[in-house]
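>>> Give the three-dimensional model of this entry:
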Amino acid sequence: MNRGTSLIWFVLFLLLLGRSGPTLADEIPTGLLARYINNDTLVVATAKIDPAFVAQLQALVGPKMVTPVDRAMMEKLTPILESWGDRRVFLIGGLGDFPGTGPLLIATAGAGENAAQLAEFANNLREVLPTNPKATFSGDVRVVNDSTLLIGSQAALARYEAQQPQPRPELIDTLTELVNRNAAVAAVVAPGPDARRVLREMWPPLPPPFDAVTGPLLAERVKQITFAATLPPRWDAEVAIHTTDDEAAETLAKTGQQIVQQFGPMIQGVPPLEDADWPAMLQTITPKQDGAAVKLTVAHHDAEMAGAIAKLVAAAVGEARQDAQRNQRMNQFKQLAIAFQNFHDTQKHFSASAAICDKDGKPLLSWRVAMLPFIDETELFNEFHLDEPWDSEHNLKLIERMPDLYADPERPNHDGKTTYQLPVHNETVFPTANVAAVTEREISGRKLFFRQGLTFRDITDGTSQTIMVVEAAPDRAVPWTKPTDWEVDLANPLDGLKQEGRDGFVSAFCDGSARYISFAVSPETLRKLLARADGEVIDESY
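All right, here's what the predicted structure looks like:
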């Protein structure tokens with residue numbers, strides 16, 4: 001999960017906290033929103049925060065919808081949300097915000113709140129969203145005036161404050177209308193002129209029977225998409241596509257119906273949806289034409305269908321979250337592979353796993369410490385006593401400062417331990433420590449004794465076919481400074497990798513790539529990927 005993705009999840013969490021009940025149109029600060037909207041804006045949304053709804057939300061989403069990172073974030077947010085009171089939050093986002101720097105979040109003052117109380121609330125929120133750019137959840141909170149806060153990544157806040165506003169009444173007026181109709185949560189999606197031009201020119205031709213949906217149809221005849229919902233106990237939700245004419249709406253409705261007919265049966269056997277009333281379920285999720293609009297509506301009195309749809313959404317979001325977390329881990333491993341390549345460029349060899357040692361070769365510190373200058377952590381590297389072991393009185397204090405690059409984003413409570421490890425075996429790229437020669441080296445201006453590793457010339461099987469770094473199972477996690485890694489058993493190469501809740505592991509290869517390898521990989525194939533010079537051809541996908 002990159003910083004933008006983290007902030008997006010935080011925003012979605014807040015929007016889910018909207019509360020039901022009457023709302024007033026004057027709660028929409030149209031002038032304030034207009035200041036941060038221009039032709040690049042794609043979506044505006046709003047919700048009213050109700051701390052009492054936090055418990056309901058936690059029961060609703062469940063473990064399948066929220067990763068450990070999200071649950072930890074919710075736990076941190078709960079005491080903050082209890083202080084929100086009767087506060088409204090707004091979201092403004094453009095295409096470039098997702099999944100880049102993230103959208104802009106605007107929070108208004110609570111009922112009867114003064115400037116000092118708003119500033120105190122801003123300080124509390126900053127504790128939840130640290131401003132350190134290297135933090136997993138990176139964000140900032142800025143007080144605009146006595147009644148308004150801006151929340152977002154530092155890059156997003158800088159961009160939104162610098163941009164020139166442009167009139168977009170189709171966004172603000174529609175959002176106001178939805179709130180005026182008692183929507184607790186409301187959103188309006190409408191692309192600007194540039195996005196419509198791209199949509200018109202770049203939309204690909206679709207195969208039959210979906211070929212009626214063309215770029216010109218979407219760009220010129222779809223005005224906007226709206227979402228509005230009231231929340232428990234009497235909740236209703238509606239998604240609507242608003243078009244310029246009945247003919248366009250009919251085309252979109254028929255296409256939506258064909259999609260449900262063609263793909264709906266494919267998900268009927270997906271756990272935990274096997275027991276759903278699928279004829280009624282498919283009828284409920286089939287879009288219907290209403291004049292120049294296409295609508296999909298679910299109401300509280302459709303309890304059985306609502307429960308089935310909630311399961312479907314939870315399963316889909318859970319899968320999407322797993323994919324996002326996997327992509328974040330893969331990005332980390334790409335960075336690690338690049339760091340190793342840069343290390344090799346400067347030192348003319350790789351490090352050994354137990355990299356930093358004393359003059360007699362006794363291991364002191366891991367390769368992860370030696371790699372710090374190559375992952376923009378030179379300042380931390382300079383704080384280590386390189387002639388002392390990882391558990392010396394001084395070095396032990398640095399374990400808690402493990403860089404995010406070494407941390408599994410799904411396990412925030414790592415206590416300075418990492419599962420990102422090298423495969424250690426005399427046949428891999430990282431032989432056991434006693435095989436590597438001891439040499440005196442200079443890294444980032446500091447001299448140290450070092451276990452010299454192999455070179456690219458030693459990887460005769462090819463860099464694209466040889467694993468460099470793996471993510472081990474949680475029970476194999478080690479303090480990141482400790483010169484210990486995954487001891488490979490080539491007879492059973494999955495030992496130490498398999499773990500519950502995942503169907504594979506991420507690995508970095510010597511060519512700088514990162515790949516996800518299924519636990520269903522054959523032991524023989526994995527053994528070949530780990531060996532650097534066995535001369536055997538890998539003849540199956542993994």
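>>> And the next helix or strand past the worst-scoring helix or strand of the chain on mean pLDDT?
Lowest on mean pLDDT, DSSP states H and E among the helices and strands of the chain sits helix 3-15, with a mean of 42. Next along the chain after helix 3-15, taking DSSP states H and E as the criterion, comes helix 30-35.
>>> Same question for that following helix: list its buried residues.
32-35 (16 or more other Cβ atoms under 10 Å). The C-beta positions use only the backbone N, C-alpha and C, and glycine is treated the same way.
>>> average pLDDT across that helix?
In this model, helix 30-35 has an average pLDDT of 91.
>>> got it, and stretch 360-370?
94.
>>> Over to stretch 517-529?
For stretch 517-529, mean pLDDT is 94.
>>> who's sitting farthest from the centroid in this structure?
Residue distances from the centre of the chain (Cα atoms, centre = their mean) peak at residue 360, which lies 44.8 Å from the mean C-alpha position.
>>> List the contacts of that one.
Contact analysis of residue 360 by Cβ atoms under 8 Å, 6 or more residues apart in numbering lists residue 438.
>>> Pretty sure it sits in a strand.
No. Counting by DSSP: H, G, I helix; E, B strand; the rest coil, residue 360 is not part of a strand but coil.
>>> roughly how far apart are it and residue 180?
The gap separating residue 360 from residue 180 is 78 Å, by Cβ to Cβ, to the nearest Å.
>>> residues in contact with the closest residue to residue 476 other than its chain neighbours?
Of all residues not flanking residue 476 in the chain, residue 496 sits nearest, at 5.1 Å (Cβ to Cβ, 6 or more residues apart in numbering). Contacts for residue 496 (Cβ under 8 Å, 6+ apart) come out as 472-473, 476, 486-489.
>>> where do the helices sit along the stretch 301-450 of the chain?
303-347, 367-370, 378-381, 393-396 (DSSP state H, counting those that start in this stretch).
>>> Mind telling me which of those the model trusts least?
For these, mean pLDDT drops lowest on helix 303-347, to a mean of 77.
>>> Now do the phi/psi pair for the closest residue to residue 387 other than its chain neighbours.
Once flanking residues are discounted, residue 387 sits nearest to residue 358: 6.8 Å by Cβ to Cβ, 6+ apart. In terms of degrees, to the nearest 10, the main-chain angles of residue 358 are phi -90, psi -180.
>>> any idea how far residue 358 is from residue 385?
Using Cβ to Cβ, residue 358 is found at 12 Å from residue 385.
>>> and if you look at residue 38?
Distance from residue 38 to residue 385, by Cβ to Cβ: 53 Å.
>>> and the residue nearest to residue 387, what is it in contact with?
364, 387, 449.
>>> hang on, the earlier thing: PyMOL command for the buried members of the contacts of residue 496?
Selecting only the buried entries of the contacts of residue 496 in PyMOL, with 16+ other Cβ under 10 Å as the criterion:
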select buried, resi 472+473+476+486+488
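>>> CSV for the contacts of residue 496, including secondary structure, pLDDT and distance to residue 176?
CSV is the format used below for the contacts of residue 496 (DSSP: H, G, I helix; E, B strand; the rest coil; pLDDT from 0 to 100; distance: Cβ to Cβ, whole Å):
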residue, secondary structure, pLDDT, distance to residue 176
472, coil, 95, 53
473, coil, 94, 52
476, helix, 94, 55
486, strand, 95, 57
487, strand, 95, 63
488, coil, 95, 62
489, coil, 94, 64
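>>> Tell me the buried residues in stretch 142-157?
By neighbour count on 16+ other Cβ under 10 Å, the buried set for stretch 142-157 is 147-157.
>>> How about stretch 180-192?
183-192.
>>> now the closest residue in space to residue 181 that isn't next to it in sequence: how far from residue 155?
Excluding the flanking residues, the one nearest residue 181 by Cβ to Cβ, 6+ apart is residue 228, at 6.9 Å. Plainly put, residue 228 is 31 Å away from residue 155 if you go by Cβ to Cβ.
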